[in-house]
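J.: pasted the sequence and its predicted model underneath.
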Amino acid sequence: MQRGITPNLSNLAPILNTPCLDDAVFVTARDAAKQAMNSPEIIDTTLREGAQAPGVCFTAAARLRIVAGLAQVGVDEIELGAASPLHDWLPELVKEARALTAASCRLALWCRCKDEDIAFAAACQPDVLSLSIPVSDRHIRERIGKDRSWVRETLRRSIELAVSLGIPYISVGLEDASRAELAFVCAMATTAAQHGASRLRLADTVGICSPGSMAGLVQAVHGAVGLTVGVHCHNDFGMATANSIAALEAGASSLDAAALGLGERAGCCRLEEAVGYLALVQGHRRYTPEHLPALCRAVAEAAGREIAASHPLVGADIFTCESGLHQHGLAINPATYEPYPPERVGGTRTLRFGGKTGFRAVALHLAKHGLHLEEGEIRRLVSQLRAGSGMFSEGELLRFAAAGSNG
C-alpha cells in the first residue's frame, strides 16, 4: 500500500473542528458526504466473489432467485459469474437474468486477461466485461512469474480484443492495487483509458486499507486519469464496508458488494450494509432496503450460511431492546436509539422486560397501554422482573402487571 496518501478533508474542516457534533452539524456533515458521492452505484458480486467462498455452490435455481432479489433491491449492476469455457451455464444465465431484470440493471461478467475467456465472455453477450489483472509486484513476479511490461501489454491486448468482439463496456480491475506502487497503478490506469476501457476498479485484495488510505488511493488514481473509478474491498480487518463508503466520498463512482459479504476469506463489502447506508442515511432512492431480508435469507439458504441475530440491517434481533435506558428513549422518541424505522428493512420493534429493565421504562410502557399503577406497585413489579432469570414479552408484562394490580 502506498504510504503517505491522505484524503482531502479540507471541505469538511469546519465540521471536523467543531467542538460538539450536535444534530445540526451532523446533518451538515451528512449532506456534505452525500454531495461528494453524487450518484453512487452498487455492483453486486454475490454470484462471482460470493460463489468463491469455501463450500458455496449455487444451483441454477438459486442463481435466478438471487438475481430476482438483487433486481428488487435496486442494484445498478449484477456480476453473474466468471467468464470461462468451463462455466457452460453462463450463456443461459445471462439470457434468463436479462428477462428477469427487464433492463433495470446492467449484467456483467468477470474475466481474466486470457483470449479464450474473453471470447467466451463475448459469446455470452453481457452489458459489461470486467477484466482483471494484478498490479502488485508480489502477484506479478511471484504468482504469475511475469514482469510489469508483460502485464501492461497483456492489458492492452485484452482490452482491444474485448472491444473488437463487440463488448459494449469494458471495466478493468486492478488486483492488489492497495499493495502496488502507486505510479504503476496510475500507469496501468492510463493504459486502460487509452485503449478503450470505461471504468477502473481498484481492489483492496487482502483488506489492508483503512477508510483514510482507501480515500487517498481513490483520489490519487482518479486525479491521474479521466476514467470512472470503482472499488472492490475485502473484509480481512472488518473495514470493507467502511472503506467502500469512504471511497465513494473520495470520488469513486461505484463499489462492489456481496450479500452477507460472501467471498474469499473474511469476504467483502456487505451488500445489505452498503444499500442500507446509501438508502437510509444518504437518501438514495434507487435502493429499496425493504427487500434486503428476503434476499439475504435466500442467499444464506443457498450458501449454507446462518444470519446472526445481530447482523446489521437483516438480523432478527437488531430491533429488540431490554435495557431500561434505551426503552425509556424509545418510548419518548424511537429516533433516540434507532437510526431508521424498523419498517424500512421489513422489521418490527420488540421490547423485552427483565433484569436490565428500569422503573421509567416500565412506567411509560404500562401508561401507554392504559395501566396507571401506583409508584410502589411499579417498583415492586420492576423488582420482580429483575429477580427473575428470564424475560417478559410486552404482552406478558401487561398481563403480569394487570394480575399484580388486581391481586
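T.: Happy to help now that I have it.

J.: output the below-cut-off pLDDT ranges for the chain.
T.: For the chain, the stretches with pLDDT under 70 are 1-36, 389, 404-407.

J.: now the top helix by length along it: how far from the chain's centre is it?
T.: Using DSSP state H to define each element, the chain has its longest helix at helix 148-164. Centroid separation for helix 148-164 versus its chain: 31 Å, with C-alpha atoms, centre = their mean, to the nearest Å.

J.: and residue 46, how many neighbours?
T.: 32 (other C-beta atoms under 10 Å). No exception for glycine: its C-beta is placed from N, CA and C like everyone else's.

J.: related to what we said a few turns ago, what residues does the longest helix of the chain touch?
T.: Outside helix 148-164, the residues within contact range by C-beta atoms under 8 Å, 6 or more residues apart in numbering are 113-115, 118-119, 121-122, 129, 131, 133-135, 137, 140, 170, 172, 184, 187-188, 191-192, 195-197.

J.: after that helix, next one along is what?
T.: Downstream of helix 148-164, the first helix or strand assigned by DSSP states H and E is strand 170-175.

J.: related to what we said a few turns ago, show only the entries of the contacts of helix 148-164 found in strands.
T.: Taking DSSP state E, the ones among these that sit in strands are 129, 131, 133-134, 170, 172.

J.: between those, which is nearest residue 207?
T.: When the ones in strands among the contacts of helix 148-164 are ranked by distance to residue 207 (C-beta to C-beta), residue 134 comes first, at 16.1 Å.

J.: residue contacts, that closest one?
T.: 140, 143-144, 151, 174-176.

J.: mind redoing it with 6 Å?
T.: 140, 175-176 (C-beta atoms under 6 Å, 6 or more residues apart in numbering).

J.: any idea how far it lies from residue 155?
T.: Separation of residue 134 from residue 155 (C-beta to C-beta, to the nearest Å): 10 Å.

J.: out of the contacts of helix 148-164, which are inside helices?
T.: Those of the contacts of helix 148-164 mapping onto helices are 115, 118-119, 121-122, 137, 184, 187-188, 191-192, per DSSP H.

J.: out of these, who's nearest residue 369?
T.: Closest approach to residue 369 among the ones in helices among the contacts of helix 148-164 (C-beta to C-beta): residue 121, at 61.1 Å.

J.: take the contacts of residue 134 and lay them out in a markdown table including distance to residue 163 and neighbour count.
T.: Compiled in a markdown table, the contacts of residue 134 are given as follows (distance: C-beta to C-beta, whole Å; neighbours: other C-beta atoms under 10 Å):
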| residue | distance to residue 163 | neighbour count |
| --- | --- | --- |
| 140 | 24 | 21 |
| 175 | 21 | 20 |
| 176 | 25 | 22 |
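
J.: closest to residue 201 out of the residues you listed?
T.: If you rank the contacts of residue 134 by distance to residue 201 using C-beta to C-beta, residue 175 comes first, at 9.3 Å.

J.: who's the closest one bridged to?
T.: Following DSSP bridges, residue 175 is listed with bridge partners residue 134.

J.: residue contacts, it?
T.: The contact partners of residue 175, taken as C-beta under 6 Å, 6+ apart, are 132, 134, 203, 205.

J.: and it, how far is that from residue 48?
T.: Counting by C-beta to C-beta, the gap from residue 175 to residue 48 is 14 Å.

J.: tell me if I'm right that residue 324 and residue 361 touch.
T.: Yes: contact criterion C-beta atoms under 6 Å: residue 324 and residue 361 qualify, at 4.4 Å.

J.: quick one: which of these two has more around it?
T.: Counting neighbours by other C-beta under 10 Å for residue 324 and for residue 361 shows that residue 361 has the greater number, 24 against 20.

J.: surely that one touches residue 328?
T.: Yes: at 4.7 Å, residue 361 counts as touching residue 328 under the criterion of C-beta under 6 Å.

J.: isn't residue 241 up against residue 273?
T.: Yes: with contact defined as C-beta under 6 Å, residue 241 counts as touching residue 273 (4.4 Å).

J.: more neighbours: which of the two?
T.: Ranked by neighbour count (other C-beta under 10 Å), residue 241 and residue 273 place residue 241 first, with 24 against 21.

J.: need the contact partners of the helix or strand encompassing the more buried one.
T.: Per DSSP H and E: residue 241 is located in helix 240-249. Residues outside helix 240-249 that contact it (C-beta under 6 Å, 6+ apart): 33, 36-37, 40, 209, 211, 214-215, 218, 231, 233-234, 255, 268-270, 273.

J.: related to what we said a few turns ago, from the contacts of residue 175, list the buried ones, please.
T.: 132, 134, 203, 205 (16 or more other C-beta atoms under 10 Å).

J.: got those residues as CSV, with distance to residue 394 columns?
T.: Below are the buried ones among the contacts of residue 175 laid out as CSV (distance: C-beta to C-beta, whole Å):
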residue, distance to residue 394
132, 52
134, 56
203, 48
205, 48
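
J.: residue contacts, residue 211?
T.: 242-243, 246.

J.: out of those, who has the most neighbours?
T.: Highest count within those by other C-beta under 10 Å belongs to residue 243, 28 neighbours.

J.: ok, residue 313 touching residue 276?
T.: Yes: counting by C-beta under 6 Å, residue 313 touches residue 276, with 4.4 Å between them.

J.: more neighbours: which of the two?
T.: With neighbours defined as other C-beta under 10 Å, residue 313 and residue 276 compare such that residue 313 has more, 25 against 22.

J.: that one in helix, strand or coil?
T.: What DSSP: H, G, I helix; E, B strand; the rest coil gives for residue 313 is coil.

J.: separation between it and residue 179?
T.: 31 Å.

J.: what do you get for residue 335?
T.: 42 Å.

J.: let me see the domain layout of this protein.
T.: Here the domain parsing of the chain from automatic domain parsing is 10-303, 320-406.

J.: deepest of the ones you listed, which one?
T.: domain 10-303 (a mean of 19; mean count of other C-beta atoms under 10 Å).

J.: how far does it sit from the chain's center?
T.: Worked out by C-alpha atoms, centre = their mean, domain 10-303 lies 10 Å from the chain centre.

J.: can you pull out the strands in the chain?
T.: Counting by DSSP E, the strands of the chain are 41-44, 77-82, 106-112, 128-134, 170-175, 199-204, 228-233, 254-257, 320-321, 350-351.

J.: before I go, just wanted to say thanks for your time.
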